[in-house]
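Participant: no sequence on this one, just coordinates:
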């Protein structure tokens, strides 16, 4: 039994370290504001992501780019952050572009069919050519 207890605590430690690895980088891409999200975008990190996106919106850029390439995981809470940013962009007549993340993150958009409604590109270079 002692070895089961030690094994049971290991996944919890891994989960907690995953939460700690979430980071946000902000900058610009041409005239657009850029928010890059890295790590796991979930219930425990969504508020930080939303705040960073809202701060980028305060500068009233003509375009906001959310880069998801650094994400390793995104749940429905993270999806809500992106959808909320899209609603605010529409209201402000701002273009919102999502740089899609890895397969696990893309799947969330595909399952919900948001990939058909949002402007999603593979690379930043695709934005420049639009």
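Facilitator: Structure's in. What do you need? Quick caveat, the model's predicted, so the values are computed rather than measured.

Participant: Where do the strands of the chain begin and end?
Facilitator: In the chain, the strands defined using DSSP state E lie at 23-29, 32-41, 63-74, 95-99, 120-121.

Participant: Out of those strands, flag the one nearest residue 83.
Facilitator: Nearest to residue 83, of all the strands of the chain, is strand 95-99, at 10.2 Å by Cβ to Cβ. All C-beta atoms are positioned from the backbone trio N, CA, C, and that covers glycine.

Participant: and the closest one, what does it pack onto?
Facilitator: Contacts defined by 3 or more Cβ pairs under 8 Å, 6 or more residues apart in numbering; DSSP states H and E place strand 95-99 against strand 63-74, helix 76-91, strand 120-121, helix 124-128.

Participant: which stretches of the protein have low pLDDT?
Facilitator: Under the criterion pLDDT under 70, the flagged ranges of the chain are 1-20, 128-130.

Participant: switch to 50 and redo it
Facilitator: Under the criterion pLDDT under 50, the flagged ranges of the chain are 1-19, 129-130.

Participant: Could you pull up the contacting residues of residue 33?
Facilitator: Going by Cβ atoms under 8 Å, 6 or more residues apart in numbering, residue 33 touches 26, 27, 56, 57, 59, 61, 63, 64, 65.

Participant: coming back round to it: how about the helices and strands packed on strand 95-99 in CSV, adding mean neighbour count and distance to residue 33?
Facilitator: CSV is the format used below for the helices and strands packed on strand 95-99 (neighbours: other Cβ atoms under 10 Å; distance: least, Cβ to Cβ, whole Å):
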stretch, mean neighbour count, distance to residue 33
strand 63-74, 21, 5
helix 76-91, 17, 11
strand 120-121, 18, 16
helix 124-128, 13, 12
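
Participant: wait, which of these is closest to residue 111?
Facilitator: Residue 111 lies closest, by Cβ to Cβ, to one member of the helices and strands packed on strand 95-99: helix 76-91, at 9.6 Å.
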